[in-house]
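Novice: following is a predicted model, sequence given first.
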2 protein chains.
Amino acid sequence: MHGPQPLKGREVQLAGRPNGELRAGDFRIVEVPVREPGPGEVLVRNTWTSVDPGLRLRLAERAPAGYFAPFGLHASMDGIMTVGEVVESRADGFAAGDAVWHASGWRDYAVVAAGVPALGGLGTLTRLDTDRAPAQRYLGPLGGMGLTAYAGLFDVAELRAGDVVWVSAAAGAVGSLAAQFAKLRGHRVIGSAGSDEKVAYLLDELGLDAAFNHRAGPVSELLREAAPDGIDVYFDCVGGDHLEAALGALRRFGRVALCGAVSQYGRASSGPANLFQATANELTLRGFRGSGHIDRMREMQRTVAGWLRDGRLRYRETIVDGLERAPEAMARMLAGDTIGKTLVRIA
Amino acid sequence: MHGPQPLKGREVQLAGRPNGELRAGDFRIVEVPVREPGPGEVLVRNTWTSVDPGLRLRLAERAPAGYFAPFGLHASMDGIMTVGEVVESRADGFAAGDAVWHASGWRDYAVVAAGVPALGGLGTLTRLDTDRAPAQRYLGPLGGMGLTAYAGLFDVAELRAGDVVWVSAAAGAVGSLAAQFAKLRGHRVIGSAGSDEKVAYLLDELGLDAAFNHRAGPVSELLREAAPDGIDVYFDCVGGDHLEAALGALRRFGRVALCGAVSQYGRASSGPANLFQATANELTLRGFRGSGHIDRMREMQRTVAGWLRDGRLRYRETIVDGLERAPEAMARMLAGDTIGKTLVRIA
């Protein structure tokens, strides 16, 4: 029971559909009543909520077929990863004080049904081991981001001994993990990002073998300088000219893990003009989503928690304070103005 | 020894680099001296020579990286599949009268070194079993075409029980085989081609489940009518709008075998605008070439020869008579004016 006063919460709602860049008026923050949890449900006070490039696709009236559904206008934005603390539980296996993740982010309170799959299984209500790492790490390396990087590299791209790897958006939430995972397995890794500051981060903090600022020239030329003998694996977070550059640089039997295409979100997209390279060089391009690899989650968490503990994995967050600033955080991330995982700290 | 008179032969040479459609002046036929075979070589009188869409890529000054090299101007066009009869042998394992395939087509006589890999291994001098089938079948279902269809479907696209399959250019040399192989394995198969006559061939002769003329409307709409519940495998010989339609129709974990992109040859090509569907639906696009699957050749020949013998596999050829008409045959094939394998009968 909340107590004598009905609980009120705040949530971010989509107020309009952005065309291109996000505008302040595309979102609004609304005070909403928070109902009491029913049987099998918990009430969670959210503490950190996630900001992901893929959310951009769901701001449009139609999302790509097969992808997560678009957000409705003037309604709760359901299906965004978040962590929080259970305030009240009517679900077996959950108790007040538990740290959890679930998929009802961008609000400060959420009533969540236990055992109901969300976000393809990635966002199903789950208790978190905060002895291992602080709760917000589960929105990054110990959650969907870690899984996407891990499965993308090892399962989707089938990383093999000796492969030279290029990771784009390598200063981003997933890219920075994928690049380091490949380094930790002994590969030569090239990273790219959108500013000189990020390039310095890739070289100095993450220890990549080469890195370039993709705004410094045609990506294909920059890649050729960084990898004159070509590459074997491309971990693609960007699409567009990056994917085209990769197709031109991939050696025979090379592989692309198609993780995302942030350069193409919110605009009319165009495919790579040199896709025939896939035939010429017998390349494999494989699209994937972290949610398709949930069977790897525990193994990934164990491995990555070990790397974090040892200090072998470097990890950065861009933290924006205040639920009401979630749209701003998203706009900054999409503009390339964040490093590492972008998080909103709610309280 | 040829005898007292030095032997003369004819060959087709590239005289200019076509821009778009082929023109008569892009080729010339030249009389050339035919030298005697040296040690380890055979002299072959070619009888049938192959006309393949991929040759179009090699008429340009630069072929896609990793692909077979472009043809030089005013020089022998090396690396085209052909069959013929050994006239004189100085190589172990070959005798006058043997039927062979090799990669020195578009000429009437060729001196070929035994055991020297050609066309990625596909065109290495090889004796043919003409008891099993006439020699020219080895330029079609019992050779590279058969191997491309077989490996593309079973290895590259990893055809699985229940898959719904779309094959484009399904009246073509490779497509007609891939479509029938999938039918013979019990799949629902949709074929597309560029004329109503070909569509009738697909339905009436090849027995496909559905077929459409891609010139009758937007390919994505025609495909949706033919496969309202979507597809699982797309065998791509065409690229362009066909690949884009496939990406829109492929169900989760669908696969594309990227065999060729004839719609894009000889022009500025453009990639599929909806490639993000690969991520959304966890699709795999895999480029391949028959030459990458030579280990499957004998098994394929055994299987396909059996299907041909039983009459379960239908097979058509478009035969053009006369070496000098090879360029014309190629132009007709690229214009979509041929059915099945296009062959030039030399003598």
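Specialist: Perfect, I can see it now. Residues are numbered from 1 along each chain as shown, chains lettered A, B, ... in the order given.

Novice: where do the helices sit along the stretch 101-250 of chain A?
Specialist: Using DSSP state H, counting those that start in this stretch, the helices of the stretch 101-250 of chain A run over residues A:144-151, A:175-184, A:196-200, A:219-226, A:240-249.

Novice: can I get the ones you listed in JSON lines with distance to residue B:110?
Specialist: Any C-beta I mention is one placed from the backbone N, CA and C, and that applies to glycine too. Below are the helices of the stretch 101-250 of chain A laid out as JSON lines (distance: least, C-beta to C-beta, whole Å):
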{"stretch": "helix A:144-151", "distance to residue B:110": "51"}
{"stretch": "helix A:175-184", "distance to residue B:110": "48"}
{"stretch": "helix A:196-200", "distance to residue B:110": "55"}
{"stretch": "helix A:219-226", "distance to residue B:110": "39"}
{"stretch": "helix A:240-249", "distance to residue B:110": "35"}
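
Novice: chain B is nearest to which of those?
Specialist: helix A:240-249 (6.8 Å; C-beta to the nearest C-beta).

Novice: the next helix or strand along the chain from the closest one to helix A:144-151, inter-axis angle?
Specialist: For helix A:240-249, the following helix or strand on the C-terminal side (DSSP states H and E) is strand A:250-258. When axes from the mean of the first three to the mean of the last three C-alpha atoms, to 10 degrees is applied, the directions of strand A:250-258 and helix A:144-151 differ by 150 degrees.

Novice: and strand A:250-258, C-alpha only, in CSV?
Specialist: The C-alpha trace of strand A:250-258 is given here as CSV (Å, rounded to 0.1, in the frame of the first residue of the first chain):
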residue,chain,number,x,y,z
LEU,A,250,36.5,-6.6,-46.3
ARG,A,251,38.7,-9.4,-47.4
ARG,A,252,37.5,-12.7,-48.7
PHE,A,253,35.0,-14.4,-46.3
GLY,A,254,34.7,-11.3,-44.3
ARG,A,255,31.7,-10.7,-42.0
VAL,A,256,29.6,-7.8,-41.0
ALA,A,257,27.5,-7.7,-37.8
LEU,A,258,24.7,-5.3,-38.6
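
Novice: any idea how far that strand is from the middle of the chain?
Specialist: Mean-position distance between strand A:250-258 and its chain equals 22 Å (C-alpha atoms, centre = their mean, to the nearest Å).

Novice: any idea of the mean pLDDT for it?
Specialist: Mean per-residue pLDDT for strand A:250-258: 98.

Novice: with distance to residue B:106 and mean neighbour count as extra columns, can I get the helices of the stretch 101-250 of chain A in a markdown table?
Specialist: Below are the helices of the stretch 101-250 of chain A laid out as a markdown table (distance: least, C-beta to C-beta, whole Å; neighbours: other C-beta atoms under 10 Å in any protein chain shown):
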| stretch | distance to residue B:106 | mean neighbour count |
| --- | --- | --- |
| helix A:144-151 | 48 | 28 |
| helix A:175-184 | 46 | 28 |
| helix A:196-200 | 51 | 17 |
| helix A:219-226 | 34 | 18 |
| helix A:240-249 | 30 | 24 |
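
Novice: out of those helices, nearest to residue B:264?
Specialist: helix A:240-249 (13.5 Å; C-beta to C-beta).

Novice: flag every residue of chain A that's near chain B.
Specialist: Residues of chain A lying near chain B by C-beta under 8 Å from any C-beta of the partner chain: A:57, A:63-67, A:239, A:243-244, A:248, A:252, A:258-261, A:264, A:268-289, A:292.

Novice: related to what we said a few turns ago, which of the helices of the stretch 101-250 of chain A sits closest to residue B:51?
Specialist: Closest approach to residue B:51 among those is made by helix A:240-249 (27.8 Å; C-beta to C-beta).

Novice: tell me how far the closest one lies from the chain's centre.
Specialist: That offset, for helix A:240-249, works out to 22 Å (C-alpha atoms, centre = their mean).

Novice: now stretch A:38-46
Specialist: So, by C-alpha atoms, centre = their mean, the centroid of stretch A:38-46 is 25 Å from its chain's centroid.

Novice: residue of chain A closest to chain B, please.
Specialist: residue A:271 (2.5 Å).

Novice: quick check: bridge partners of that residue?
Specialist: Here residue A:271 sits in beta bridges with residue B:271, going by DSSP bridges.

Novice: that one contacts residue B:272, doesn't it?
Specialist: Yes - between residue A:271 and residue B:272 a contact is recorded at 4.1 Å, counting by C-beta atoms under 8 Å.

Novice: could I get the pLDDT score of the closest residue to residue A:178 other than its chain neighbours?
Specialist: The spatially closest residue to residue A:178, leaving aside those adjacent along the chain, is residue A:149, at 4.0 Å (C-beta to C-beta, 6 or more residues apart in numbering or on different chains). Looking at residue A:149, its pLDDT reads 98.

Novice: quick one: contacts for residue A:149?
Specialist: A:174-175, A:177-178, A:181, A:235 (C-beta atoms under 8 Å, 6 or more residues apart in numbering or on different chains).

Novice: and of those residues, the nearest to residue A:344?
Specialist: residue A:174 (17.8 Å).

Novice: per-residue confidence averaged over the lengthiest helix in chain A?
Specialist: Looking across chain A with DSSP state H, the single longest helix is helix A:297-310. Taken as a whole, helix A:297-310 has a mean pLDDT of 97.

Novice: of all the residues in it, which ones are buried?
Specialist: Neighbour-count burial for helix A:297-310, counted by 16 or more other C-beta atoms under 10 Å in any protein chain shown, picks out A:297, A:300-301, A:303-305, A:307-308.

Novice: for residue A:325, which non-adjacent residue is closest in space?
Specialist: residue A:344 is the one closest to residue A:325 (C-beta to C-beta, 6+ apart), at 6.6 Å.

Novice: now the one you found, what's its secondary structure?
Specialist: Classification of residue A:344 by DSSP: H, G, I helix; E, B strand; the rest coil places it in strand.
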